[in-house]
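Novice: After the sequence you'll find the predicted model.
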Amino acid sequence: MAILVTGGLGYIGSHTVVELIENGYKVIIVDNYINSNSNILDQLFKITGVNPLFYKIDVTQKDKLEKVFVEQKIDEVIHFAGLKSIGESVEDPLRYYYNNVVSTMVISSLCIKYKVKKVVFSSSATVYGNQESPLKEETSLKKTTNPYGETKVMSERILTDVSYAHPEFSITLLRYFNPIGAHKSGLIGEKIKSSTNNLVPYISKVAKKEKSKVEIFGKDYNTIDGTGVRDYIHVVDLAKGHVKAVQSFKLGITTYNLGTGKGTSVLELIGAFEKVNNVSIPYEFVQRRLGDIEVSYADSSKAERELGWKTELSIKDMVKDAWNFEKKRRTY
């Protein structure tokens, strides 16, 4: 069975490619290197012993992407390709709306044309906005707190309408929470931009003394220690969730949360990183960041019940593997 993975060299995409290959699937990757680079292909080969087919294509460019559908027999699609920074989306919303929404429209139209009837979409817990946790799939989607979240809501609506218009389609929406960590080999992990505000990459840069301290956005939230609380999930657990989704398609539209069901505060995560990796992480509090919410964690019981999926790796595993990757990182 051949699976097209858009954004397959990105952080979550690359880990999912590993799990797909190790479960016997043929993988075709489409990526434009915005959140990745060609070195990751070499790393994927080192881990799996397989060179997946690769096309350097921007998914918003329909004519170019269509060539992949013509040249390859595609059975299923996992659609990751998209811009993913909340802060950037607030600063440059039009870029995010165009890239993330248009790419979903292009994928949908080509799947319809070429009768690729099984699609998994990479969504996000940001679609829930600022609502009380634990968050369940049936929770109504209210206004999100940032343009990135809105692009995910819009994409979900597009795919939902596609499923209604084409009842022979099986479309799975995976709303995942906060992926961190890296592959145990240390060969693939989260690409760190120089301006990153993602917490664990930022912590890693401080641990390597590339940054002097971690900036914690807000200390007066109504939480255990005043810092924001998130449901952190190991990226490998998340990748395995995609394999389960590929194996468990149902006709129509189906939605699953992928998370641990437990919240961890910023200070708790920093403390775990220090203890597990025996490093010191200085930090300071700064003002709250626009678009952030107080507490977010999942109810993932539906995924466990229907997909047979649940997380296996702990916060300790997450910070250990993230630091292992960062110590080995060379060019990405």
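Specialist: Yep, it's here. Numbers count the residues shown, from 1 in each chain.

Novice: residues touching residue 55, list them.
Specialist: Taking C-beta atoms under 8 Å, 6 or more residues apart in numbering, we find residue 55 in contact with 28-31, 67-68. Every C-beta, even on glycine, is put in place using the N, C-alpha and C of the backbone.

Novice: how near is it to residue 64?
Specialist: From residue 55 across to residue 64, the span is 8 Å (C-beta to C-beta, to the nearest Å).

Novice: Same question for residue 42.
Specialist: Residue 42 sits 24 Å away from residue 64, going by C-beta to C-beta.

Novice: Okay, now the unreliable bits of the stretch 51-200 of the chain?
Specialist: 192-197 (pLDDT under 70).

Novice: got the residue ranges for the strands in the stretch 201-332 of the chain?
Specialist: Using DSSP state E, counting those that start in this stretch, the strands of the stretch 201-332 of the chain run over 214-217, 229-230, 232-234, 252-258, 264-265, 283-286, 295-296.

Novice: Could you point out which of those sits nearest residue 154?
Specialist: Comparing those by their distance to residue 154 (C-beta to C-beta), the top pick is strand 252-258, with 14.7 Å.

Novice: how would you label residue 122: helix, strand or coil?
Specialist: Following DSSP: H, G, I helix; E, B strand; the rest coil, residue 122 is assigned to strand.

Novice: Of residue 42 and residue 64, which one has the most company?
Specialist: Comparing residue 42 with residue 64 by other C-beta atoms under 10 Å, the one with more neighbours is residue 64, at 16 against 11.

Novice: wait, isn't the more buried one in contact with residue 71?
Specialist: No - assessed by C-beta atoms under 8 Å, residue 64 is found out of contact with residue 71, at 11.5 Å.

Novice: Distance check, the residue nearest to residue 226 when sequence neighbours are not counted against residue 88.
Specialist: With sequence-adjacent residues excluded and distances taken as C-beta to C-beta, 6 or more residues apart in numbering, residue 226 is closest to residue 219, at 4.5 Å. Distance, residue 219 to residue 88, using C-beta to C-beta: 24 Å.

Novice: do the same with residue 144
Specialist: In this view, residue 144 and residue 88 are 15 Å apart by C-beta to C-beta.

Novice: which stretches of the stretch 51-200 of the chain form strands?
Specialist: 53-56, 76-79, 118-124, 170-176, 178-180.

Novice: could those go into JSON lines alongside distance to residue 202?
Specialist: Putting these into JSON lines (distance: least, C-beta to C-beta, whole Å) gives the following:
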{"stretch": "strand 53-56", "distance to residue 202": "29"}
{"stretch": "strand 76-79", "distance to residue 202": "28"}
{"stretch": "strand 118-124", "distance to residue 202": "19"}
{"stretch": "strand 170-176", "distance to residue 202": "20"}
{"stretch": "strand 178-180", "distance to residue 202": "11"}
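
Novice: out of those strands, which comes closest to residue 164?
Specialist: Proximity to residue 164 (C-beta to C-beta) singles out strand 170-176 among the strands of the stretch 51-200 of the chain, at 10.1 Å.

Novice: Just tell me which of the strands of the stretch 201-332 of the chain ends up closest to residue 37.
Specialist: Across the strands of the stretch 201-332 of the chain, residue 37 has its closest neighbour in strand 232-234 (23.1 Å, C-beta to C-beta).

Novice: Walk me through which strands the closest one pairs with, and which way each runs.
Specialist: Applying DSSP bridges, strand 232-234 is found paired with strand 178-180 (parallel).

Novice: How about the strand it pairs with, which residues are buried there?
Specialist: Across strand 178-180, burial judged by 16 or more other C-beta atoms under 10 Å covers 178-180.

Novice: Thanks again, I'm all set now.
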